[in-house]
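Enquirer: here's my sequence, what's the structure:
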Amino acid sequence: MKKLRVMMLIHPDVDPLDHLMDPADPEYLKRQTEIEVKRALLALGHEVEVVKIYDDLRPLRETIRLWRPHIAFNLMEDFAGERALDFYVVSYLVLAGIPYTGCNPRGMLLARDKALSKKILHYHRIKVPEFRIFPVGKKIKAQKLKNLPYPMIVKSNLEQGSVGISQASFVTNEQELLNRIEQQHEMTRGDAIAEQYINGRELYVGILGNERLEVLPIRELCFSDSASQEQRIATYRVKWNDAYRDKIGFKYGFAKSMESGAQAKIVKLARRVYRKLLLSGYARLDLRMDASGELYVLEANPNCAIAHDDDFAEAAKKAGYTYPELINRLLSIGLGNRQLHIDVAGE
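Expert: As a prediction, this is how the structure comes out:
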């Protein structure tokens, strides 16, 4: 790829400060993805301009006007502190005619809303856990609590990264459900979703591409043999605390002991989900496979975490990508996201 002018779009709190070098430093860990993406872009020879955005698009507009970037590397996860508004930034890029990495606005809007995405997939006869949505600030009607498929998992309808998920999210009766919904509303200030707990293997499938899709090797969260049913969930501590994960014997790794037929079925399902939710760029799908081999889609994560040790990058490495090659691949896909012709050589 020819050398590009790349503007990195980030939240102001995660500025990839050049002096941060120690991966064990809490400040480094807070900004890990931004630091690693910036360093990869520079190592590839691209020019990089970091654009910090919170609730004002003027820095983005001025960078486009003065610097004329070839592409935006989008690392935004919210706008004005709202997860539901992250697609606004990408919508602006579309209107400005600037290519971008990651998902298009429509795909982001559909996939970010767990309830909406489940309804779409259910319509297309793709298995999802049975669920109920509980809007914040609204009284829960008794009818909505009838015939629920306990046990259930209560989580935020919009948050990602297991935010708000703990052992208390696993509920087995109505009172536990009501208590956890109230706690979830207080923690996230957003709607809660309660979904049927699927007992089985937790699988993660990374996908790259727009028209032509590349499904990466399947990753898995392996539970310890001694873990009880209610412990076998990807809580926030499990996802982000290495020491805690080691303590309880959970491990992230590549899916093993899986028949070729099951792998082919997962790849086919992943492609289908990606299409039905209008995703593009890259994403990670979270699945559960029960003892009978049935697959359930838990959620789709457009613009998923891409630090070098995240599941997506680990899967890409298994597929043959070095980390800089993965970052360059995301740029290449982004340049084709709207089928735009970028004449880099003539500038």
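Enquirer: what pLDDT, on average, does the one helix or strand E214 maps to get?
Expert: If you go by DSSP states H and E, E214 is part of strand 213-215. Taken as a whole, strand 213-215 carries a mean pLDDT of 97.
Enquirer: using CSV, list the CA coordinates for the helix or strand following it.
Expert: Next along the chain after strand 213-215, taking DSSP H and E as the criterion, comes strand 219-222. Only the C-alpha atoms of strand 219-222 are listed here, as CSV (Å, rounded to 0.1, in the frame of the first residue of the first chain):
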residue,chain,number,x,y,z
ARG,A,219,-11.3,-18.3,19.6
GLU,A,220,-12.8,-19.6,22.8
LEU,A,221,-13.1,-18.7,26.4
CYS,A,222,-12.3,-22.0,28.1
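Enquirer: what pairs with strand 219-222, and is each one parallel or antiparallel?
Expert: Paired neighbours of strand 219-222 in the sheet (DSSP bridges): strand 201-209 (antiparallel), strand 251-254 (antiparallel).
Enquirer: could I get the phi/psi values of the residue lying closest to R201 once chain neighbours are set aside?
Expert: With C-beta to C-beta, 6 or more residues apart in numbering as the criterion, R201 has its nearest non-adjacent residue at 4.7 Å, and that residue is M289. Any C-beta I mention is one placed from the backbone N, CA and C, and that applies to glycine too. When read as degrees, to the nearest 10, the backbone of M289 gives phi -120, psi 120.
Enquirer: 467 is where my numbering starts, stick with that
Expert: New numbering, starting at 467: the last item is M755.
Enquirer: measure M755 to E543 for me?
Expert: 28 Å (C-beta to C-beta, to the nearest Å).
Enquirer: name the helices or strands packed onto the longest helix belonging to the chain?
Expert: Secondary structure of the chain per DSSP state H: the longest helix is helix 726-742. With contacts taken as 3 or more C-beta pairs under 8 Å, 6 or more residues apart in numbering; DSSP states H and E, helix 726-742 sits against helix 580-589, strand 667-675, strand 679-681, strand 747-755, strand 761-768.
Enquirer: between the ones you listed, which gets nearest to I619?
Expert: strand 761-768 (8.9 Å; C-beta to C-beta).
Enquirer: next SSE after the closest one?
Expert: Next along from strand 761-768, by DSSP H and E: helix 777-784.
Enquirer: what about dumping the CA coordinates of the following helix or strand past that next one to PDB?
Expert: Next in sequence after helix 777-784, counting helices and strands by DSSP H and E, comes helix 789-801. This file holds the C-alpha atoms of helix 789-801, laid out as PDB (Å, rounded to 0.1, in the frame of the first residue of the first chain):
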ATOM      1  CA  TYR A 789       0.100  -6.800  13.800                       C
ATOM      2  CA  PRO A 790       1.200  -4.100  11.300                       C
ATOM      3  CA  GLU A 791      -0.100  -6.200   8.500                       C
ATOM      4  CA  LEU A 792      -3.500  -6.400  10.200                       C
ATOM      5  CA  ILE A 793      -3.600  -2.600  10.700                       C
ATOM      6  CA  ASN A 794      -2.700  -2.100   7.000                       C
ATOM      7  CA  ARG A 795      -5.400  -4.600   6.000                       C
ATOM      8  CA  LEU A 796      -8.000  -2.600   8.000                       C
ATOM      9  CA  LEU A 797      -6.800   0.500   6.100                       C
ATOM     10  CA  SER A 798      -7.100  -1.300   2.700                       C
ATOM     11  CA  ILE A 799     -10.600  -2.500   3.500                       C
ATOM     12  CA  GLY A 800     -11.500   1.000   4.700                       C
ATOM     13  CA  LEU A 801     -10.400   2.500   1.400                       C
END
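Enquirer: for helix 789-801, which outside residues touch it?
Expert: With contact meaning C-beta atoms under 8 Å, 6 or more residues apart in numbering, helix 789-801 is reached by 467, 470, 472, 502-503, 506-507, 509-510, 512, 536-539, 565-568, 674-676, 746-748, 772, 774, 779, 782-783, 787, 808.
Enquirer: kindly report the same for stretch 593-613.
Expert: 580-581, 584, 587-588, 614-615, 623, 640, 643-644, 647, 651, 655-664, 754, 760-764.
Enquirer: show the buried residues in these.
Expert: Among the contacts of stretch 593-613, those buried by neighbour count (16 or more other C-beta atoms under 10 Å) are 580-581, 584, 587, 614, 623, 643, 647, 651, 656-664, 754, 761-764.
Enquirer: quick one on the thing from earlier: wait, which of the strands paired with strand 685-688 is closest to A730?
Expert: Nearest to A730 among the strands paired with strand 685-688 is strand 667-675 (12.5 Å), distances taken as C-beta to C-beta.
Enquirer: put the alpha carbons of the closest one into CSV.
Expert: In CSV, the C-alpha atoms belonging to strand 667-675 read as follows (Å, rounded to 0.1, in the frame of the first residue of the first chain):
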residue,chain,number,x,y,z
ARG,A,667,-18.9,-23.3,24.8
GLU,A,668,-18.3,-19.6,24.5
LEU,A,669,-16.8,-18.9,21.0
TYR,A,670,-15.5,-15.7,19.3
VAL,A,671,-15.3,-15.3,15.6
GLY,A,672,-13.5,-12.5,13.9
ILE,A,673,-14.4,-11.3,10.4
LEU,A,674,-12.7,-9.0,8.0
GLY,A,675,-14.1,-7.4,4.8
